[in-house]
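In: Sequence isn't available, so here's the structure alone:
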């Protein structure tokens with residue numbers, strides 16, 4: 001991927017991008033939304049995987065950088081179904097997103113509220129500051145959408161006195177989660193218990209036996 005145009009912020013480091021996109025699990029059936037597109041690094045990768053992409057950026061000059069970096073990578077917003085939206089989240093966020101990425105912490109709680117209200121199935125947020133990461137974890141938990149938190153730290157080798165030493169990048173916390181679709185993920189469990197099957201009857205007898213022993 002080529003990012004010749006600079007937005008004076010970012011881009012997300014390649015190693016972090018790789019994990020982020022992997023956790024998003026994008027498919028051609030997905031509508032992906034990036035909150036704070038900046039250089040467009042994640043938008044470029046998403047445009048090659050998702051069926052539709054919305055890149056939201058509150059600063060018009062940064063949105064122009066996103067568009068120019070898309071062009072540098074052979075991506076035509078019209079042909080490749082990439083919507084570039086100049087707005088500050090949560091305003092401007094679509095109501096039909098399947099996956100959402102927050103590359104920064106501005107208004108993140110309101111964005112998470114929007115994700116819950118609209119049923120976004122996969123949410124990934126990257127945070128570099130420890131205090132913000134703590135608040136973000138609590139916000140995910142309060143909304144019951146937290147799956148996992150990963151701390152990533154890459155180190156880059158360089159030559160020192162004829163040997164190899166390393167410069168370490170600051171750690172990044174990757175929060176992943178999303179809204180569970182009860183009809184898809186949880187509906188079958190109650191049916192298995194109450195379907196009147198032999199297995200269900202066995203389970204009831206087992207419960208009764210245990211109750212008799214305990215008594």
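Out: That came through fine. Treat the numbers as computed from the prediction; the structure is a model and nothing was measured.
In: Strands of the protein, start to end?
Out: For the chain, applying DSSP state E gives strands covering 31-35, 52-57, 82-86, 99-102, 122-127, 146-152, 155-160, 163-168, 172-177.
In: partner strands of the fifth one, parallel or antiparallel?
Out: Translated: strand 122-127. Strand 122-127 has the following strand partners under DSSP bridges: strand 99-102 (parallel), strand 172-177 (antiparallel).
In: circling back: could you dump the strands of the chain to a markdown table with mean pLDDT?
Out: Below are the strands of the chain laid out as a markdown table (pLDDT from 0 to 100):
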| stretch | mean pLDDT |
| --- | --- |
| strand 31-35 | 97 |
| strand 52-57 | 96 |
| strand 82-86 | 97 |
| strand 99-102 | 97 |
| strand 122-127 | 97 |
| strand 146-152 | 97 |
| strand 155-160 | 96 |
| strand 163-168 | 96 |
| strand 172-177 | 97 |
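In: Reformat the ones you listed as TSV; add distance to residue 22 and mean neighbour count.
Out: C-betas here are computed from N, CA, C, even on glycine. Shown next, in TSV, are the strands of the chain (distance: least, CB to CB, whole Å; neighbours: other CB atoms under 10 Å):
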stretch	distance to residue 22	mean neighbour count
strand 31-35	14	27
strand 52-57	17	26
strand 82-86	21	18
strand 99-102	12	26
strand 122-127	10	25
strand 146-152	11	14
strand 155-160	20	10
strand 163-168	22	9
strand 172-177	10	21
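In: Looking at those strands, which is nearest to residue 25?
Out: Of all the strands of the chain, it is strand 122-127 that lies closest to residue 25, at 6.1 Å by CB to CB.
In: State the distance from residue 59 to residue 158.
Out: To residue 158, residue 59 is 33 Å away according to CB to CB, to the nearest Å.
In: Touching, residue 113 and residue 93? I think so.
Out: No. Counting by CB atoms under 8 Å, residue 113 stays clear of residue 93, with 10.4 Å between them.
In: So for those two, which residue has more residues nearby?
Out: residue 93 (21 against 14; other CB atoms under 10 Å).
In: Grab the nearest non-local neighbour of the more buried one.
Out: residue 114 (5.3 Å; CB to CB, 6 or more residues apart in numbering).
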